[in-house]
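Asks: generate a structure from the sequence data that follows.
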Amino acid sequence: MNDGVEQAAAAAAAEFRRQMDAGTGRMMADMHAPGYTGDPDIDFLAMMIPHHRGAVDMARLVLIHGRDPLTRSIAEGIIAAQRTEIEAMTARLGVLRSGGDAGGGYPDLTGLRGASGN
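Replies: Down below sits the predicted model:
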């Protein structure tokens, strides 16, 4: 490898690390921003939504910077699955925060739960 190629690769790796670290820091801050309400269901959902958004952000970064086809495929699956779960959790959080009933209302996510029979 020549010096120019090595320098470019090192710069790209450093930028990926910088973006991952920034995203992780943002995710952690967002997870703790709402504080605790004393209701485990609300607190769980309020923290998991930014956690899942962080996973989407990280997956996007690997699509930008990564090269391995299998890793890219995994990242695409994470984006699709996490978006579905974010939508479901956001809706459920709205119901719970408005004093709605604590039962039902979560979409069927069997395909995302590894129910392959293994």
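Asks: contacts, neighbours, all on C-alpha from now
Replies: Noted.
Asks: can you give me the helices for this structure?
Replies: All helices of the chain, identified by DSSP state H, fall at 3-32, 40-65, 69-97.
Asks: tell me the most buried of the ones you listed?
Replies: Most buried of the helices of the chain by mean neighbour count (mean count of other C-alpha atoms under 10 Å) is helix 40-65; its value is a mean of 19.
Asks: helices or strands up against that helix?
Replies: Under the contact criterion of 3 or more C-alpha pairs under 8 Å, 6 or more residues apart in numbering; DSSP states H and E, helix 40-65 touches helix 3-32, helix 69-97.
Asks: now those as TSV including mean pLDDT?
Replies: Formatted as TSV, the helices and strands packed on helix 40-65 follow (pLDDT from 0 to 100):
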stretch	mean pLDDT
helix 3-32	92
helix 69-97	96
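Asks: tell me which of those sits nearest to residue 39.
Replies: helix 69-97 (9.5 Å; C-alpha to C-alpha).
Asks: from the contact counts, what lies against the closest one?
Replies: Going by 3+ C-alpha pairs under 8 Å, 6+ apart, helix 69-97 lies up against helix 40-65.
Asks: okay, residue 105: pLDDT?
Replies: Residue 105 carries a pLDDT score of 56 in this model.
Asks: and if you look at the one 3 residues further on?
Replies: You'll see residue 108 listed with a pLDDT of 53.
Asks: all numbers from here: first residue = 202
Replies: From this message on, residue numbering opens at 202, which makes the last subject residue 309.
Asks: ok, back up a step: so which of the helices and strands packed on helix 241-266 is nearest residue 241?
Replies: With C-alpha to C-alpha, the closest approach to residue 241 among these belongs to helix 270-298: 10.9 Å.
Asks: give me the angle between the closest one and helix 241-266.
Replies: 150 degrees (axes from the mean of the first three to the mean of the last three C-alpha atoms, to 10 degrees).
Asks: which residues touch the nearest residue to residue 227 once chain neighbours are set aside?
Replies: In space, residue 227 comes closest to residue 255 once its chain neighbours are excluded; the distance is 7.9 Å by C-alpha to C-alpha, 6 or more residues apart in numbering. By C-alpha atoms under 8 Å, 6 or more residues apart in numbering, the contact list for residue 255 reads 224, 225, 227, 228.
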